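[1] This is the structure alone, sequence omitted:
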């Protein structure tokens, strides 16, 4: 329709036709062009706003899922419960402090220290708190396999009464009860490391059926103690 208006010859000037042609041109300009631009602009703005809102909501949702429910919003912030270790008196998160049979609590560092001491000091074996043994479940994940094997061996050793050790120099191995037997009416042990036979009565080298040799230094010490 616009093309036909552009190609039409210019009509003669008259008072009647001029207003009609001007109104027609004005109607085309005001009704077709501006409304089309306005609608397109409005639709574009609406689309951008909707896309921006959706993206914003999506980012918020993903961030919230990553941080977890405890990190969303200032109102949901809660302090982690702290408990005090009986040994070092430090306050630590509840999952870092074990509750013992006696009711006291002890942190992982102090538990590790007590169990390490127990393999060198028979008095500390097994580790205790208030005369109650500390359950092994509290240190199961704190030590490697090598330490566990060493601890089990020392526990068996320190739990044995009247322990016998190899008297050979540079040995000193603990002789297990399974390696002790009677021979010539006496208890005789065999060292599992150096294979030395040991008299379980005097804790010296095996001397057969003969009486245990006297320790002169011990005899002198006992005599001096009596005289004092």
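    Received it, and whenever you're ready, just let me know what you need. Fair warning: this is a prediction, and the values are worked out from it, not measured in the lab. Numbering: from 1, shown residues only.
[2] how deep is residue 88 tucked in, by neighbour count?
    For residue 88, the number of neighbouring residues by other Cβ atoms under 10 Å comes to 13. Just so you know, the C-beta spots here come from the backbone N, C-alpha and C atoms, and that holds for glycine as well.
[3] shift numbering so it begins at 35
    Sure, I'll start counting at 35 from here, so that last one is residue 122.
[4] Settle this for me: it is touching residue 143, isn't it.
    Yes - using Cβ atoms under 8 Å, residue 122 is in contact with residue 143, at 7.1 Å.
[5] which ones are touching the closest residue to residue 158 other than its chain neighbours?
    For residue 158, ignoring the flanking residues on the chain, the nearest one in space by Cβ to Cβ, 6 or more residues apart in numbering is residue 152 at 4.3 Å. With contact set as Cβ atoms under 8 Å, 6 or more residues apart in numbering, residue 152 has these partners: 158, 159, 160, 161, 185, 188, 189, 192.
[6] and if you look at residue 122?
    By Cβ under 8 Å, 6+ apart, the contact list for residue 122 reads 141, 143, 144.
[7] SS state for the second one?
    Meaning residue 143. When classified by DSSP: H, G, I helix; E, B strand; the rest coil, residue 143 comes out as helix.
[8] quick one, phi psi at the residue nearest to residue 158?
    Residue 152 adopts backbone torsions of phi -70, psi -20, taken as degrees, to the nearest 10.
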